[in-house]
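1. Have a look; sequence and predicted model below, questions after that.
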Amino acid sequence: MKVIRVSCEAIDSAIELAPLVPLGGGALASFTGIARDDDGVTAIELEHYPAMTEASLAALVDDAITRWSLLGAVLIHRVGIIPVGDPIVLVGTTASHRAEALEACAFLIDRLKTDAPFWKREHRADGSAKWVEAKISDNARADKWRE
Amino acid sequence: MKVIRVSCEAIDSAIELAPLVPLGGGALASFTGIARDDDGVTAIELEHYPAMTEASLAALVDDAITRWSLLGAVLIHRVGIIPVGDPIVLVGTTASHRAEALEACAFLIDRLKTDAPFWKREHRADGSAKWVEAKISDNARADKWRE
Amino acid sequence: MQLVYFARVREAVGFEAEERDLPADIQTVGECLIWLAAQSENYATAFDDPSRLRFALDQQMVWEETLLEGASELAIFPPVTGG
Amino acid sequence: MQLVYFARVREAVGFEAEERDLPADIQTVGECLIWLAAQSENYATAFDDPSRLRFALDQQMVWEETLLEGASELAIFPPVTGG
């Protein structure tokens, strides 16, 4: 079972993760990325490449399911203007044992940060807006998952 | 902020994790251990050492908060008879960045399996009940966290 | 010394707790175990294989070589299987 | 070839997509980039530093050396910052 979605509305972790519980796994791991008010940010805008986004997320989920024999996975990323305090991305994984669920969850969030076509712009109270620069550390984390 | 509890009632992940969201962290990781019907198990009974359990869980949470500068942590373990499909344990962690939240979450579930005084007994439809044996692999996973 | 037992050990011994006056020469958890194993058949089966037992002294995880040294509660139980 | 732009690149170029007939001798993504950078001042600033650009050919992540080879859509954008 897998749910992959680019969402224009707020993400409700409880509702989105619920379908993973009855799949028979003994372990369920999740990660939520939350929009933060670092030095005056009031909202974060997410632009994406519609024709490519869901396909790139689906490829990551399929890869995770195979590598960690997951029973199910959820990968939902929000786009548009996201107020501070709201989730930007939700990753959920379930497997028979915790190692698979936890590692697959970390894999998905690390790799989507470098492989999925999203771009963050930070909006501030003074009306200014600035594109976020990609972090070298994100590439390093993503690389460690590549064979 | 930390919530540590041994619970006789069912655990509701959504409610228990909610207090972690407004703590200002950009990352929130969680793990849920679910009772599974492996070869005919109908319920799992959890015995614990009341005078020691919460103290041992609190020590693990304090350790995780210091090591990964967490903004908050939740560690709830259920005791008594747990029907298959219900959560047995819930771990929640929040930090500024995902590496801290994800690693602390894995640390807490790995270490509680070897350090917290709980014992599982599997109940089957035929009325039989069998204590679960500790797994060597659990010790190995726990050890890798020790300096 | 208050002795408390859990899970399989509690079942083998037949009850969950007891108060025992230990002989003066017993210094460590391990020595206490050997003395207990000699008290009865039940105790022998419960305590004869230390490798399948874990211990806590005043609610802190300890090992066989740990000194009893004025502790008031010794818990004896199988390896834990929580989570 | 359909060219699509995102984020900072879209703003530098001034629009999000355009259709371009590429000269026959252009084989790779990198060569296309050099040709584009020569089209106007705007394009020069947008495309002059390939190290700050990433590419997708028919929605698959590619590199500068990747051959265009019959692909219909080339996307050019800054390194991604999702999650």
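-> Received, thanks.

2. what stretches of chain A score poorly on pLDDT?
-> For chain A, applying pLDDT under 70 flags the ranges A:147.

3. Please apply the same query to chain C.
-> Applying pLDDT under 70 to chain C flags no residue at all.

4. What about the residue in it that chain B sits nearest to, how many residues nearby?
-> Chain B sits closest to C:Gly82 of chain C, with a gap of 2.8 Å, by CB to the nearest CB. In short, each C-beta sits where N, CA and C put it, glycine included. Counted with other CB atoms under 10 Å in any protein chain shown, the neighbours of C:Gly82 add up to 28.

5. In PDB, list the C-alpha atoms belonging to the longest helix along chain C.
-> The single longest helix within chain C, with elements called by DSSP state H, is helix C:29-37. The C-alpha coordinates for helix C:29-37 follow below in PDB (Å, rounded to 0.1, in the frame of the first residue of the first chain):
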ATOM      1  CA  VAL C  29      24.500 -10.300  43.500                       C
ATOM      2  CA  GLY C  30      26.100 -13.500  42.200                       C
ATOM      3  CA  GLU C  31      26.800 -14.800  45.700                       C
ATOM      4  CA  CYS C  32      23.200 -14.100  46.700                       C
ATOM      5  CA  LEU C  33      22.000 -16.000  43.700                       C
ATOM      6  CA  ILE C  34      24.100 -19.100  44.600                       C
ATOM      7  CA  TRP C  35      22.800 -19.000  48.200                       C
ATOM      8  CA  LEU C  36      19.100 -18.600  46.900                       C
ATOM      9  CA  ALA C  37      19.500 -21.600  44.500                       C
END
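
6. Might you report the residue contacts of whichever residue of chain A sits closest to chain D?
-> Residue nearest to chain D within chain A: A:Phe118 (2.8 Å; CB to the nearest CB). Applying CB atoms under 8 Å, 6 or more residues apart in numbering or on different chains, one finds that A:Phe118 lies in contact with A:46-48, A:53, A:77, A:79, D:80-83.

7. Swap in 6 Å and give it another go.
-> Contacts for A:Phe118 were tallied using CB atoms under 6 Å, 6 or more residues apart in numbering or on different chains; they are A:46, A:48, D:80, D:82.

8. For the first one, give me its contacts.
-> By CB under 6 Å, 6+ apart, the residues touching A:Leu46 are A:79, A:118.

9. which residues of chain A fall in strands?
-> Assigned by DSSP state E, the strands in chain A fall at A:2-7, A:27-34, A:41-48, A:72-78, A:80-83, A:87-95, A:118-124, A:129-131.

10. Oops, could you answer that again for chain C instead?
-> Using DSSP E, strands in chain C cover C:2-5, C:17-19, C:54-57, C:60-62, C:73-77.

11. Would you mind confirming that the residue of chain C closest to chain B makes contact with B:Thr114?
-> No. Counting by CB atoms under 6 Å, C:Gly82 sits too far from B:Thr114 to count as a contact (8.8 Å).

12. interface residues of chain A facing chain B?
-> A:14, A:26, A:28-32, A:34, A:36, A:98, A:102, A:106, A:109 (CB under 6 Å from any CB of the partner chain).

13. among the residues you listed, which are in reach of chain C?
-> Answer for these near chain C: none qualify (CB under 6 Å from any CB).

14. Nearest to C:Ser40, out of the strands of chain A?
-> strand A:27-34 (42.2 Å; CB to CB).

15. Tell me, how many residues neighbour A:Lys120?
-> The tally of other residues near A:Lys120 (other CB under 10 Å) stands at 22.

16. residues in contact with it?
-> Contact partners of A:Lys120, counting by CB under 6 Å, 6+ apart, are A:44, A:132, D:81.

17. can you tell which of the strands of chain A is closest to B:Asp86?
-> Comparing the strands of chain A by their distance to B:Asp86 (CB to CB), the top pick is strand A:27-34, with 12.1 Å.

18. which other residues reach the closest one?
-> A:13, A:17, A:20, A:87-95, A:97-98, A:101-102, A:105, A:109, B:26, B:28-32, D:83.

19. So among these, which ones count as buried?
-> The neighbour-count test (16 or more other CB atoms under 10 Å in any protein chain shown) marks A:13, A:17, A:20, A:87-95, A:98, A:101-102, A:105, A:109, B:26, B:28-32, D:83 as buried among the contacts of strand A:27-34.

20. and A:Val91, what is it in contact with?
-> By CB under 6 Å, 6+ apart, the residues touching A:Val91 are A:31, A:75, A:105, A:108-109.

21. What of A:Leu23?
-> Applying CB under 6 Å, 6+ apart to A:Leu23 gives the contacts A:1, A:71-72, A:94.

22. Pipe these into JSON lines and attach distance to C:Gly30 per row.
-> Formatted as JSON lines, those follow (distance: CB to CB, whole Å):
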{"residue": "A:Met1", "distance to C:Gly30": "51"}
{"residue": "A:Leu71", "distance to C:Gly30": "44"}
{"residue": "A:Gly72", "distance to C:Gly30": "47"}
{"residue": "A:Thr94", "distance to C:Gly30": "43"}
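
23. Buried members of the residues you listed into ChimeraX, please.
-> The ChimeraX command for the buried members of the contacts of A:Leu23 (criterion: 16+ other CB under 10 Å) is given here:
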select /A:71,72,94
